[in-house]
Each structure stands twice: as C-alpha cells, then as structure tokens.
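> Provide a 3D model corresponding to the input given below.
(one chain, ligands or ions: 2)
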Amino acid sequence: MKVLRMADLGLAGKRVFIRADLNVPQDDDGRITDDTRIRASAPGIRMALDKGAAVMVTSHLGRPKEGQFSAADSLAPVGERLGELLGRRIRLVRDWVDGVEVSPGEVVLLENCRFNVGEKKNDEGLSRKMAALCDVYVNDAFGTAHRAHASTEGVAHHVKTAVAGLLMEKELRYLGEALDRPRRPFVAVLGGAKISGKIDLIETLLPKVDDVLIGGAMACTFFRAMGLETGTSLVEVERLDLAKALIAKAGRKLVLPSGAVLGQKLEPGTPTQTVHRDRIPAGWAMYDIDPLTEQDYAAIIESAGTVLWNGPMGVFETPPFNHGTLAVAHSLARATGRGAVTVVGGGDSAAAVAAAGLSEKMTHVSTGGGASLEFLEGKALPGVAALDDA
Ligand code: ADP
Ligand code: MG
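Ligands and ions are numbered 1, 2, ... in the order given. Take a look at the predicted model:
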C-alpha cells in the first residue's frame with residue numbers, strides 16, 4: 001500500500017491543513033514533560049512552510065469534554081514549544097471550524113480538535129467543515145492513525161487531496177520495511193505486562209521472524225504453561241492454553257528467559273534474588289529477566305539484521321527491575337552500530353529507550369504506541385487507509 005506524500009506535492013500558495021499528534025505529557029502546572037512528539041512533528045510543518053503553503057496545524061491534547069473550551073487542555077504550551085523549534089511566533093486560533101485566516105508562509109495552530117463536537121464520533125458535518133478550510137489535507141498524526149475521528153479520517157474523504165505528512169511517511173516506511181523486507185536474521189523482542197494485548201502481534205510476527213525473544217510478565221504466562229512454578233508473578237491464567245499452543249507452534253523460534261530477577265514487593269530498592277526459571281519460590285514474583293538472559297539476548301540481537309522491539313523486559317519503572325530493559329536497549333544500540341535496522345514500537349519501550357538516552361542510537365523509534373502495535377499486527381489504520389494512493 002503506497003500513499004501519496006506531502007513531499008510529492010507543490011504547495012506554493014496552497015492552504016494546507018496538517019493533523020499532527022502533539023499530545024504531549026504535562027505536569028500539574030501544564031509544563032511539558034516530554035516534547036518528543038512536538039519535535040517529531042516540526043520537520044513536516046517546516047516542509048509545508050518551505051514549500052510556500054499557508055499552514056494550519058491541529059492536534060488533540062488530553063481528554064477534554066467536547067463542546068467546551070478548557071484551559072487545562074489548551075494547545076497554548078504546545079504552541080510556545082513549537083514556536084521555539086520553528087523559530088517563529090505561532091498564533092493560536094480558538095474557534096476555527098468555520099474559517100481560518102492564514103497567509104502563505106504563515107503557520108497557525110488550531111486549538112485542541114477534541115474541543116469540537118463530533119470529533120471522536122467522526123461526524124460528517126464537522127469533517128466537511130474541516131475539509132472546506134484547505135486545499136490539501138495532510139495526516140501527520142501517526143500516533144492517532146488507528147482511530148477514525150473527524151480530523152484523522154472523516155476529513156480525508158471530503159478534500160481534493162489527502163496525503164501523508166513527513167513523520168507519517170517515515171513511520172510507515174520503517175515499520176513497513178521491517179515487516180515486509182527485513183534484513184535477516186529478523187529478531188523480534190517482545191515484553192510488557194500482558195500476553196493478551198500482544199497475541200495478535202505474536203501470531204503475525206511468528207511466520208516472519210527468525211527468533212522471538214520474550215521478556216516481561218508475558219514470560220511468566222509461558223512459564224506456567226510449561227508447568228513451572230511462578231510464585232506471585234503476573235500470570236494470565238485464562239491464556240495458558242493459548243500460551244501452550246504458541247509454544248508448540250513456534251518451536252525453536254520462541255526464546256524464553258532462562259532466569260529471573262525476583263522481588264516480594266514492587267518498591268525501589270526492595271531486596272531481590274536471581275534464580276533459574278525453574279526455581280521461582282512461593283511468595284516471590286518475577287519482575288525482570290536475569291543477567292544470563294540479558295547476555296543470551298544480547299548475542300542474538302547483536303548478530304541480527306533487523307530488530308523489532310515492543311514491550312519492556314521488566315518493571316522498568318521500579319529500579320533495580322529496569323536492568324533487563326536497559327540491557328536490551330544497549331544491545332539494540334550496538335546492533336544499530338553494526339549496521340542492523342533497529343525499530344522500537346510501543347509507548348513504554350520508547351520511554352525506556354529515551355530514559356536511557358539511546359533514542360538517537362535506534363534506526364527508528366515510533367511515536368505511536370497503539371498505532372504501531374496495530375500496524376505491526378497487520379491491521380489497516382483508518383487514518384492511513386483514507387489517504388490518496390500514490
Ligand atoms: P509498550 O507500551 O512498550 O507496548 P506494554 O504497555 O505492553 O509496553 O508493557 C509495559 C508495562 O509492562 C510496564 O508498565 C511494565 O512495568 C510492565 N511489566 C514488564 N514486565 C513486568 C513483570 N515482570 N511483571 C509485571 N509487570 C511487568
Ligand atoms: Mg504501554
């Protein structure tokens with residue numbers, strides 16, 4: 001599936017409406033705590049400006065009630081940060097659905113699109129009004145592409161030209177190429193809390209990959225399926241049959257941790273013990289992979305041609321159970337250095353990579369958690385499907 005790209009178009013004098021994903025985390029005082037999504041969106045906006053367009057940008061932020069303005073969910077702080085990155089003042093337009101004044105070479109930020117009635121319901125009337133604002137619609141919001149909302153999907157059906165923005169294009173290229181034309185060996189590293197959220201992912205990846213390395217609490221459900229004792233570890237009892245079936249189907253492709261770092265409480269600095277996976281005692285839970293597993297996984301990751309990582313190896317929010325996740329992040333960084341293509345998808349995995357200061361050492365870190373998961377599962381993303389074909 002090839003979509004038309006903003007990069008393919010001449011935009012001089014055109015009115016361009018960019019739906020970005022500027023939904024950044026903020027502290028209680030409204031200060032932005034991670035501006036990754038704004039930085040990732042800036043190049044696409046700059047490209048539209050460089051092409052001579054009159055640029056309108058909007059995004060959702062937080063979970064506002066529709067039909068009313070709320071200062072807490074205003075894009076004002078986002079506009080300030082975006083202005084710093086683009087080196088210009090950016091006007092914020094509060095009411096924009098019925099018309100926007102903007103001139104070529106100018107960029108305006110349109111207030112939180114979820115203030116509008118009908119945004120999340122993908123209302124046709126709202127979609128048509130948005131379409132009437134512009135000559136060209138650009139979807140650059142990969143992180144929301146799995147949602148069919150008015151500004152991500154509906155609008156695309158009512159404009160003459162609907163294209164993928166620069167970030168959207170990059171996300172589709174890296175995630176798509178990893179899946180369709182991986183340099184081999186192709187290794188997937190999967191972790192996180194629940195196997196239930198990742199079943200479709202494991203099923204789609206198994207036929208494509210050479211190895212799947214499992215970490216996180218997911219490993220414990222596999223351990224139990226193998227008949228091992230798992231103490232108080234997070235196990236999804238209702239998924240045991242599925243885990244058994246996956247083990248049988250995957251054969252040697254499925255690699256499970258050989259050992260675990262255990263704790264009795266999830267508190268920073270809590271006493272731990274490190275055991276072989278068949279020695280997990282009652283009253284203890286697996287919160288991380290052990291150093292031997294880190295080494296085994298490092299060897300496989302560092303000799304891979306393509307590595308796809310989704311889901312932390314342990315409870316990385318609570319040290320010392322961040323060790324395995326950090327180790328895997330460093331292994332991916334070394335793999336990149338050796339010429340492998342390394343792609344990180346998943347919100348928590350991306351956060352762990354950023355916390356380790358290794359984001360720049362990956363070929364691609366996806367800005368879309370849920371969207372990257374659905375894409376990797378082989379599902380069509382409504383926001384992408386609605387764009388024009390190349
Ligand atoms: P991503 O956002 O990268 O897709 P997930 O949301 O699937 O990742 O999983 C992340 C969560 O999994 C984290 O909050 C982490 O604490 C949790 N987790 C990882 N390993 C374990 C474990 N052994 N026990 C309990 N929770 C775990
Ligand atoms: Mg998550």
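
> quick one: low-confidence parts of the protein?
By pLDDT under 70, the low-scoring segments of the chain are 1.

> give me every residue in the stretch 251-390 of the chain lying close to ligand 2.
Contact residues, the stretch 251-390 of the chain versus ligand 2 (Cβ under 5 Å from the ion): 347-348. Every residue, glycine included, has its C-beta placed from N, CA and C.

> show me where the stretch 251-390 of the chain has helices.
The residue ranges that make up the helices of the stretch 251-390 of the chain, judged by DSSP state H, counting those that start in this stretch, are 291-302, 323-337, 347-355, 369-376, 382-385.

> equivalent analysis for the stretch 101-250 of the chain, please.
With DSSP H, counting those that start in this stretch as the criterion, the stretch 101-250 of the chain has helices spanning 124-132, 166-180, 199-205, 218-225, 240-250.

> quickly compare the ones you listed and say which is most buried.
By mean neighbour count, with neighbours taken as mean count of other Cβ atoms under 10 Å, helix 218-225 ranks first of those at a mean of 24.

> any idea how far that one is from the chain center?
Taking Cα atoms, centre = their mean, to the nearest Å, the mean C-alpha location of helix 218-225 is offset from the chain mean by 25 Å.

> restrict that helix to CA atoms and write it as CSV.
Taking only C-alpha atoms (Å, rounded to 0.1, in the frame of the first residue of the first chain), the coordinates of helix 218-225 have been written out as CSV:
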residue,chain,number,x,y,z
MET,A,218,4.4,-12.3,29.4
ALA,A,219,7.3,-14.8,30.1
CYS,A,220,5.6,-15.9,33.3
THR,A,221,2.4,-17.0,31.5
PHE,A,222,4.6,-19.1,29.2
PHE,A,223,6.5,-20.5,32.3
ARG,A,224,3.2,-21.5,33.9
ALA,A,225,2.1,-23.1,30.6
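
> which elements pack onto that helix?
In terms of contact count using 3 or more Cβ pairs under 8 Å, 6 or more residues apart in numbering; DSSP states H and E, helix 218-225 is assigned the packing partners helix 240-250, strand 285-289.

> could you rerun that using 7 Å?
Under the contact definition 3 or more Cβ pairs under 7 Å, 6 or more residues apart in numbering; DSSP states H and E, helix 218-225 sits against helix 240-250.

> quick one: the helix it packs on to helix 218-225, angle?
When axes from the mean of the first three to the mean of the last three Cα atoms, to 10 degrees is applied, the directions of helix 240-250 and helix 218-225 differ by 90 degrees.
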